[in-house]
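**Student:** Next comes the sequence, and after it the predicted model I'd like to discuss.
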Amino acid sequence: MRSLYLTPLRIIAVAVFTVIGAASAMAQDPRIQTSQLDALTARASQTVDVNIDERVMRMTAGFLSGKDEDERKVKELINGLKGIYVRSFEFEKEDQYSQADLESIRAQLRNPAWNKIVNISSKKDGSLEVYLMSSESKISGLAVLATDAKEITVVNIVGPVDLEKLSALEGHFGVPDLGIEVKSGNKPENKPRSRKNEE
Amino acid sequence: MKKIFTVSFLLVAIALAGFSSQVAQAKGDDFGDVVKAIERFYQVKHKGLPFLAKAGIKATTTVARLAGGPKRQLAEAGSVKVAYFEDQEFDSRGRMVNFKASISAVLTEGWSPLVQVISPSDEQQTYVYLRSAGDKFNVLVVNIEKRDGSVVQVTLAPQTLAKLMQDPDEMGNTITTDATTNDNE
């Protein structure tokens, strides 16, 4: 009789732990979901979406030459990274998007696992927010939300990455020029942004 | 009686042949399925350019710059498939997201979206998909403009893909230009 009561309790306990475990795993996931931004596509003059997952990342690193100076630098840069995801939207006019459109991204970044390490805002150059996710004193991901009146850029790098690496990745693997300049002491400054192919 | 049997046998054979070709298509011809999906969505007709595969491909300046050499081929020999849509109307009527979904729907498992560049006002769309092919990679590029379009599938060596990956925004254009430019031009 006792086992009749215990069996459903066990099932409930297992289900609760499974849900908590899944929620915890999601909370620690350094991958940002950006599909909610799809609605902006119709309003944008140009959208760019780059998805480089772990498999492609590993393959790319494996086949870059260690002899060529430039390739060696890039190889070192992406070594250990598990993915680079970039979404950018350019608009012809101002006021084509609102802060509400960005709420889905900001809601994810409000998770305690993310730490905002850069928050620069200016009327002229727009705003730049950089977030880092760490677990057990290791950085597991980075997210950048860069906006100005006519542009939104979301960069999500999964794996061990810091500001210096992010700065070096600008112009490579779809990461646009975010205007991050890392000076001594790791203090970033921002400069006017532009996509590489606009040069 | 013999005539009925023969007709029945023929019907069964035709049905089986149709079924097996459908299975074969579902299993392997993603390139063809993507071309058909474009034709259905935009009500257009493609032209095949099989001679390009035989003629080989010409390296673009971008590839030469990436490779650091004067003239290099991107795709593995004989691996190029090209379908070209020339001087036809590509009007999405604001349904580009639906178009992307229709392309993704016909691609079988294994393909992953790598790059997507969309300019709604210019009706320009470029989609690059990637899948493993043994020790190499298949890359499928769908390029749509106002009056023209193309679908290109190539097999790339990992080294070539690794170089192209450094500038993914330009990857679709580079592969399409490379695959649709004759060596003799």
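**Tutor:** All right, it came through fine.
**Student:** only C-alpha atoms for contact and neighbour calcs from this point on.
**Tutor:** Will do.
**Student:** Stretch A:144-157: how far from the chain's middle?
**Tutor:** Distance of stretch A:144-157 from the chain centroid (C-alpha atoms, centre = their mean, to the nearest Å) equals 10 Å.
**Student:** bridging residues for the residue lying closest to residue A:148 once chain neighbours are set aside?
**Tutor:** Closest residue in space to residue A:148, ignoring its immediate chain neighbours: residue A:126 at 4.1 Å, by C-alpha to C-alpha, 6 or more residues apart in numbering or on different chains. As for beta bridges, residue A:126 partners with residue A:122 under DSSP bridges.
**Student:** Tell me how far residue A:126 lies from residue A:115.
**Tutor:** 20 Å (C-alpha to C-alpha, to the nearest Å).
**Student:** which parts of chain A sit against chain B?
**Tutor:** Within chain A, the positions near chain B by C-alpha under 8 Å from any C-alpha of the partner chain are A:38, A:41-42, A:44-52, A:59-61, A:63-64, A:171-174.
**Student:** Select from the residues you listed every entry located in helices.
**Tutor:** The helices, defined by DSSP state H, take in A:59, A:60, A:61, A:63 from those.
**Student:** domain ranges for chain A?
**Tutor:** Domain segmentation of chain A under automatic domain parsing yields A:1-30, A:32-190.
**Student:** Compute the number of surrounding residues for residue A:39.
**Tutor:** The tally of other residues near residue A:39 (other C-alpha atoms under 10 Å in any protein chain shown) stands at 11.
**Student:** Going along the chain, name the helices of chain A.
**Tutor:** Under DSSP H, chain A gives helices at A:2-27, A:54-63, A:69-78, A:99-109, A:163-169.
**Student:** Compare those helices and say which comes out lowest on pLDDT.
**Tutor:** Of all the helices of chain A, the minimum mean pLDDT falls on helix A:2-27 (a mean of 56).
**Student:** Just name the most buried of the domains of chain A.
**Tutor:** Mean neighbour count (mean count of other C-alpha atoms under 10 Å in any protein chain shown) peaks for domain A:32-190 among the domains of chain A, with a mean of 18.
**Student:** got the CA positions of stretch A:137-154 in PDB?
**Tutor:** Extracted in PDB, the C-alpha atoms of stretch A:137-154 (Å, rounded to 0.1, in the frame of the first residue of the first chain):
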ATOM      1  CA  SER A 137      35.800  31.100 -13.100                       C
ATOM      2  CA  LYS A 138      35.900  30.300 -16.900                       C
ATOM      3  CA  ILE A 139      34.200  32.500 -19.500                       C
ATOM      4  CA  SER A 140      31.700  30.400 -21.400                       C
ATOM      5  CA  GLY A 141      30.200  33.000 -23.700                       C
ATOM      6  CA  LEU A 142      29.900  36.700 -24.700                       C
ATOM      7  CA  ALA A 143      27.000  38.700 -26.000                       C
ATOM      8  CA  VAL A 144      27.000  42.100 -27.600                       C
ATOM      9  CA  LEU A 145      24.000  44.300 -28.300                       C
ATOM     10  CA  ALA A 146      25.000  47.300 -30.400                       C
ATOM     11  CA  THR A 147      22.400  49.700 -31.500                       C
ATOM     12  CA  ASP A 148      22.100  53.100 -33.100                       C
ATOM     13  CA  ALA A 149      19.200  54.900 -34.800                       C
ATOM     14  CA  LYS A 150      19.400  52.900 -38.000                       C
ATOM     15  CA  GLU A 151      21.100  49.700 -36.900                       C
ATOM     16  CA  ILE A 152      20.900  46.700 -34.600                       C
ATOM     17  CA  THR A 153      23.700  44.200 -34.200                       C
ATOM     18  CA  VAL A 154      23.600  41.200 -31.900                       C
END
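**Student:** Mind listing residues that contact it?
**Tutor:** With C-alpha atoms under 8 Å, 6 or more residues apart in numbering or on different chains as the test, stretch A:137-154 has contacts from A:30-32, A:86-96, A:125-134, A:155-162, A:178.
**Student:** Rounded mean pLDDT for that stretch, please.
**Tutor:** In this model, stretch A:137-154 has a mean pLDDT of 93.
**Student:** Centre of the chain to it, how far?
**Tutor:** On C-alpha atoms, centre = their mean, the centre of stretch A:137-154 falls 6 Å from that of its chain.
**Student:** repeat for stretch A:81-91
**Tutor:** From the chain centre to the centre of stretch A:81-91 is a distance of 7 Å (C-alpha atoms, centre = their mean).
**Student:** Give me the contacts around that stretch.
**Tutor:** With C-alpha under 8 Å, 6+ apart as the criterion, stretch A:81-91 contacts A:34, A:40-41, A:43-55, A:57-58, A:150-161, A:173-175.
**Student:** one step back: return the residues in contact with the residue nearest to residue A:148.
**Tutor:** Residues in contact with residue A:126 (C-alpha under 8 Å, 6+ apart) are A:146, A:147, A:148, A:149.
**Student:** which residues of chain B fall in strands?
**Tutor:** Along chain B, counting by DSSP state E, strands occupy B:47-48, B:81-85, B:112-119, B:124-133, B:136-144, B:149-156.
**Student:** Would you mind giving the ones you listed as JSON lines with mean pLDDT, distance to residue B:33 and mean neighbour count added?
**Tutor:** Shown next, in JSON lines, are the strands of chain B (pLDDT from 0 to 100; distance: least, C-alpha to C-alpha, whole Å; neighbours: other C-alpha atoms under 10 Å in any protein chain shown):
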{"stretch": "strand B:47-48", "mean pLDDT": "73", "distance to residue B:33": "14", "mean neighbour count": "12"}
{"stretch": "strand B:81-85", "mean pLDDT": "90", "distance to residue B:33": "11", "mean neighbour count": "22"}
{"stretch": "strand B:112-119", "mean pLDDT": "93", "distance to residue B:33": "16", "mean neighbour count": "22"}
{"stretch": "strand B:124-133", "mean pLDDT": "92", "distance to residue B:33": "14", "mean neighbour count": "20"}
{"stretch": "strand B:136-144", "mean pLDDT": "93", "distance to residue B:33": "12", "mean neighbour count": "22"}
{"stretch": "strand B:149-156", "mean pLDDT": "92", "distance to residue B:33": "11", "mean neighbour count": "24"}
